[in-house]
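okay, predicted coordinates and the sequence, questions at the end:
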Amino acid sequence: MATKPSYRLDLKRIPQHVAIVMDGNGRWAKKRGLPRLSGHNAGMEALKEIVKRSDTLGVKYLTVYAFSTENWKRPQEEVGGIFKLLVIYMKRELAELHANNVKVRILGDYSKLPADSVAALETAIEKTGDNTGLNFNIALNYGSRDEIMRAVRLLAAECCQGRKTPDQLTEEMMSRALYTGGIPDPEVIIRTSGELRLSNFLLWQSAYSELVFTDVLWPDFTPEEYERCIAEFQGRKRRYGGV
Ligand code: FPP
């Protein structure tokens with residue numbers, strides 16, 4: 001007999017945007033005496049299931065932090081390995097993502113990635129561009145401060161060119177100028193592996209996000225644990241500065 005879950009997920013109150021910091025691949029591998037890349041490989045498998053469950057639950061936007069502007073500091077072999085996995089993931093999963101009406105979008109300057117990764121990403125973006133189901137956003141070479149600076153430069157240029165004055169600038173314009181322009185802010189950000197910080201992820205967009213932390217390492221993050229995290233979010237009272 002299947003055991004009943006210890007949490008209660010309200011299917012009528014599924015957040016429309018869930019963002020995830022997928023952390024703990026390296027520790028997962030270390031615990032097993034495996035190379036770090038095996039952890040990333042297992043992380044890719046975990047991601048597949050979370051994308052599927054997001055779609056089934058009716059999450060409208062799923063944003064995952066796959067590679068940060070700081071991750072370039074890792075050994076070259078690991079960096080190259082992550083990008084190879086990305087190509088494998090895109091090649092293997094694109095047909096199914098497309099069949100499921102998933103729309104892929106990249107947050108971050110992915111032009112700096114190796115050519116085969118850029119090509120795989122562009123194929124995915126193009127093929128799924130008109131899809132209307134789950135919006136699957138992958139943050140790659142993404143850093144929130146970098147994103148904010150880029151947006152500030154765009155708005156500053158508008159001012160320098162005389163199209164706007166500084167006091168005409170609004171929060172909406174800033175939101176639109178970010179990589180996430182047009183995407184609603186995440187109601188919840190989940191971080192795995194027990195680390196309690198945002199690490200330069202969605203700093204502007206997370207102004208009112210609920211943060212849910214779990215000790216589970218990313219490769220062990222199952223769709224059930226995902227649902228438990230969403231249920232934890234549903235248990236929070238959101239006041240947006242009110243009472
Ligand atoms: C964080 O774990 C994980 C990353 C920096 C890479 C995320 C990559 C994947 C989930 C797999 C790749 C799949 C795609 C589609 C891009 P960590 O290495 O920082 O773990 P640690 O803190 O335990 O060392």
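That came in fine, so what should we check first?

residues of this protein that sit close to the ligand?
22-27, 40, 43-44, 47, 66, 71, 82, 85-86, 89, 193, 218 (CB under 6 Å from any ligand atom). Where C-beta positions appear, they are placed from N, C-alpha and C, glycine not excepted.

in strands only, show me those.
Taking DSSP state E, the ones among the residues of the chain next to the ligand that sit in strands are residue 66.

whatever residue of the chain ends up closest to the ligand: how many residues sit nearby?
Proximity of the chain to the ligand (CB to the nearest ligand atom) peaks at residue 26, 2.4 Å away. Close neighbours of residue 26, defined as other CB atoms under 10 Å, add up to 20.

how about it: what's its closest non-neighbour residue?
Excluding the flanking residues, the one nearest residue 26 by CB to CB, 6 or more residues apart in numbering is residue 36, at 4.7 Å.

what packs against the longest helix seen in the chain?
Assignment by DSSP state H gives helix 76-99 as the longest helix of the chain. Based on contacts counted as 3 or more CB pairs under 8 Å, 6 or more residues apart in numbering; DSSP states H and E, the elements that helix 76-99 packs against are helix 36-57, strand 61-68, helix 115-128.

bridged to the residue nearest the centre of the chain, which residues?
Nearest to the geometric centre of the chain sits residue 64, at 1.7 Å (CA atoms, centre = their mean). Beta-bridge pairing of residue 64 under DSSP bridges involves residue 20, residue 138.

that one and residue 135 touch, don't they?
No: using CB atoms under 8 Å, residue 64 makes no contact with residue 135, being 11.8 Å away.

state the number of residues packed around residue 155.
So residue 155, with other CB under 10 Å, has 18 neighbours.

for it, give me its contacts.
Residue 155 sits next to 164, 169, 173, 174, 177 when contact means CB atoms under 8 Å, 6 or more residues apart in numbering.

next up, the contacts around residue 181.
So residue 181 contacts residue 175 (CB under 8 Å, 6+ apart).

pLDDT below threshold where in the protein?
In the predicted model, the chain carries pLDDT under 70 at residues 1-2.

the longest helix of the chain to strand 61-68, inter-axis angle?
Per axes from the mean of the first three to the mean of the last three CA atoms, to 10 degrees, the angle that helix 76-99 makes with strand 61-68 is 160 degrees.

return the distance of helix 76-99 from the chain's centre.
Relative to the centre of its chain, helix 76-99 is centred 15 Å away, using CA atoms, centre = their mean, to the nearest Å.

what's the angle between that helix and helix 36-57?
Going by the same axes, to 10 degrees, helix 76-99 makes 20 degrees with helix 36-57.
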